[in-house]
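>>> dropping a prediction and its sequence here:
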Amino acid sequence: MRRLVYGSSGGGARWSLVALFLALVFALAAVAAGCGGDDESASGDTGASATDTGGGGGGACDRPIWVLLPDSATSPRWESDDRPYFDKAFSDAGVEHTIVNAEGDAATQQSQAEQAIAADAAVIVLTSNDTGSGGAIIDLAKEADVQVIEYDRFNTGSSGGAAYVSFDNVQVGATMAEVLEPAIEALGKKPANVVELNGGEEDNNAFLFKDGYDAVVQKHVKDGSWKLVADQFVPGWGANGEGQGIMEQILTDANNKVDAVFAANDNLAQQAINALEAAGVGPIPLSGQDASAAGIQNILLGNQTMTVYKPLQAEAETAVQAALALCSGQDPSAVEPDFAGSLSEGTVGLLDMQTLGIKAADGKPADSPTGDGVVPYLALTPIAVTVDNIADTVIADKFRTIKEICTGDTADTDFCKENS
């Protein structure tokens, strides 16, 4: 660093030049600050919007972070919930970020990953379309020294990301069973004819959800109180209505003698409801997941018994904290997010997070968060929602609103009349 010498020959001239130089630097900095932030851009010709929030701050994270979402068909959550939660959390942190959606096209998502790498992304938060293409993206990013957080969907058979952020997916299925089991037993049918309408086999979560509710189903099958009349995975989570056709065939094969359905999410629950109503069956005990507006409406209308509420804001905020930790060279599995400011007191009391481990090879739970081939798994607790606690969970959290739920026939339900 050059020293300034006061009172020496020519000192006044030197100080004037330095002052002019500093003034110019500050002026340029002010111009640069006025040019940054809050750009809206499109991700090439994919039709998916991207949000770039400049800030250059974010503490030690001074590189962009990209979020790759899978589609808007398998569940409305990706666009209606996850996108705005990610956008707000990264914006609040002052970190440049881009959010894109592949709209169900694996090749598009690969291209988006390549764009992220070319843009010098520090971290990619990835929800893949399928495990194969997701694994390829993870490997591609790691070769380019870009960290990957696997978000909500785990990619089996890959080398594994730096962390996996999701809910305890086996517990999601177990939560369905906790509510449906007494409802099925209350029917008094021996055996009760039960259907498992699972998610897509391309998504490892579908197997974990099934593990959760199948443990209860098999217990009753063994003691003869239940009969598993159908156990089917639905390609693409029924994005194109495949679940309804499968359910219709199940009803035909069973002569309409179906007493309960473990549907792996609200989208599949709706397709099951469509098939049941067309066959003149039901309402019957029926599960769901995602606490979608349609799922909550079906519960209020008596067509669906429950849904699994996964506070997506908490999931997204956990992923953001993990991404920021990675960007600044810290351990993502050590994050301890505080949800008190974003969720209601009642839900925060029900929510917990554990750091588990998941095996990269097969997506099965590991004995510890560390070890060869093990990815740290930040697992949040799912919450069962029934007609009795809608107000205290999804409404209290502003995850759903009375306005969006109390429409059409649902507006005539007691809940909507009392709360509108």
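Yes, it's here. Numbers count the residues shown, from 1 in each chain.
>>> C-alpha from now on. contacts and neighbour counts both.
Noted.
>>> quick check, pLDDT for the residue nearest the centre of the chain.
Nearest residue to the geometric centre of the chain (C-alpha atoms, centre = their mean): Asp152, 4.6 Å. The score at Asp152 is 94. That number is its pLDDT.
>>> ok, it - contacts?
Applying C-alpha atoms under 8 Å, 6 or more residues apart in numbering to Asp152 gives the contacts 127, 164-167.
>>> now, of these, which are buried?
Among those, the ones that count as buried by 16 or more other C-alpha atoms under 10 Å are 127, 164-167.
>>> which outside residues touch stretch 327-336?
With contacts defined as C-alpha under 8 Å, 6+ apart, stretch 327-336 is touched by 60-63, 122-123, 162-163, 318, 321-323, 325-326, 355, 376-378.
>>> out of these, which are buried?
Looks like the contacts of stretch 327-336 have 61-63, 122-123, 162-163, 318, 321-323, 325-326, 355, 376-378 buried, using 16+ other C-alpha under 10 Å.
>>> coming back round to it: just the ones of the contacts of stretch 327-336 in helices?
The helices, defined by DSSP state H, take in 318, 321-323, 325-326 from the contacts of stretch 327-336.
>>> just for the chain, where's the confidence low?
Residue ranges of the chain with pLDDT under 70: 1-59.
>>> what segments of it are helices?
Using DSSP H, helices in the chain cover 11-35, 77, 83-93, 106-118, 131-143, 169-185, 204-223, 242-253, 266-278, 293-300, 312-327, 345-350, 402-405, 414-419.
>>> now these in JSON lines, with distance to Val195?
JSON lines is the format used below for the helices of the chain (distance: least, C-alpha to C-alpha, whole Å):
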{"stretch": "helix 11-35", "distance to Val195": "58"}
{"stretch": "helix 77", "distance to Val195": "25"}
{"stretch": "helix 83-93", "distance to Val195": "33"}
{"stretch": "helix 106-118", "distance to Val195": "31"}
{"stretch": "helix 131-143", "distance to Val195": "26"}
{"stretch": "helix 169-185", "distance to Val195": "12"}
{"stretch": "helix 204-223", "distance to Val195": "10"}
{"stretch": "helix 242-253", "distance to Val195": "8"}
{"stretch": "helix 266-278", "distance to Val195": "10"}
{"stretch": "helix 293-300", "distance to Val195": "19"}
{"stretch": "helix 312-327", "distance to Val195": "28"}
{"stretch": "helix 345-350", "distance to Val195": "29"}
{"stretch": "helix 402-405", "distance to Val195": "28"}
{"stretch": "helix 414-419", "distance to Val195": "29"}
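>>> of all those helices, which lies closest to Gly157?
Nearest to Gly157, of all the helices of the chain, is helix 131-143, at 6.9 Å by C-alpha to C-alpha.
>>> quick check: angle from that closest one to helix 106-118?
Here helix 131-143 runs at an angle of 10 degrees relative to helix 106-118 (axes from the mean of the first three to the mean of the last three C-alpha atoms, to 10 degrees).
>>> in contact with Phe399, which residues are there?
Pro311.
>>> ok, now how distant is it from Glu336?
22 Å (C-alpha to C-alpha, to the nearest Å).
>>> likewise for Ser328?
16 Å.
>>> of these two, which one has the most company?
Ser328 (16 against 13; other C-alpha atoms under 10 Å).
>>> now the more buried one: phi and psi?
phi -100, psi 10 (degrees, to the nearest 10).
>>> what number of residues lie near Val281?
Using other C-alpha under 10 Å, the number of residues around Val281 comes to 15.
>>> pretty sure it contacts Thr252?
No. Counting by C-alpha atoms under 8 Å, Val281 does not reach Thr252; the two are 11.6 Å apart.
>>> next, the contact list for Asn267, please.
74-75, 237-238, 288, 295.
>>> correct me, but Gly346 touches Asp392?
Yes. Using C-alpha under 8 Å, Gly346 is in contact with Asp392, at 6.8 Å.
>>> shared neighbours, those two?
Shared contacts of Gly346 and Asp392, defined by C-alpha under 8 Å, 6+ apart, are absent.
>>> who touches Lys359 in this structure?
156, 365-366, 373-375.
>>> that one pairs with what?
Per DSSP bridges, the residues bridged to Lys359 are Val374.
>>> that one and Glu315, how far apart?
For Lys359 relative to Glu315 (C-alpha to C-alpha), the value is 20 Å.
>>> same thing with Lys222?
Noted for Lys222: a distance of 36 Å to Glu315, by C-alpha to C-alpha.
>>> likewise Lys403?
24 Å.
>>> okay, the two: which has more neighbours?
Neighbour tally, Lys403 and Glu315, criterion other C-alpha under 10 Å: the higher count belongs to Glu315, 25 against 11.
>>> isn't that one up against Phe167?
Yes. Glu315 is within contact range of Phe167, at 7.5 Å (criterion: C-alpha under 8 Å).
>>> anything in contact with each of these two?
By C-alpha under 8 Å, 6+ apart, the residues touching both Glu315 and Phe167 are Leu380.
>>> could you work out the end-to-end span of stretch 398-409 for me?
Terminal residues of stretch 398-409 lie 22 Å apart, using C-alpha to C-alpha.
>>> mind listing what's buried in it?
For stretch 398-409, the neighbour count (16+ other C-alpha under 10 Å) marks 399-400, 402, 405-406 as buried.
>>> could you dump the residues you listed to TSV with distance to Leu140?
Listed next are these as TSV, based on distance: C-alpha to C-alpha, whole Å:
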residue	distance to Leu140
Phe399	35
Arg400	38
Ile402	44
Ile405	42
Cys406	46
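>>> how many neighbours does Lys210 have?
When neighbours are counted by other C-alpha under 10 Å, Lys210 registers 27.
>>> let me fix that, I meant to ask about Asn255.
Asn255 has 10 neighbours, counted by other C-alpha under 10 Å.
>>> quickly note the distance from it to Tyr377.
Distance from Asn255 to Tyr377, by C-alpha to C-alpha: 43 Å.
>>> show me the contacts for Ala379.
So Ala379 contacts 165-168, 353-356 (C-alpha under 8 Å, 6+ apart).
>>> and what of Pro365?
Residues near Pro365 by C-alpha under 8 Å, 6+ apart: 356-359.
>>> do Glu150 as well
Taking C-alpha under 8 Å, 6+ apart, we find Glu150 in contact with 125-127, 161-165.
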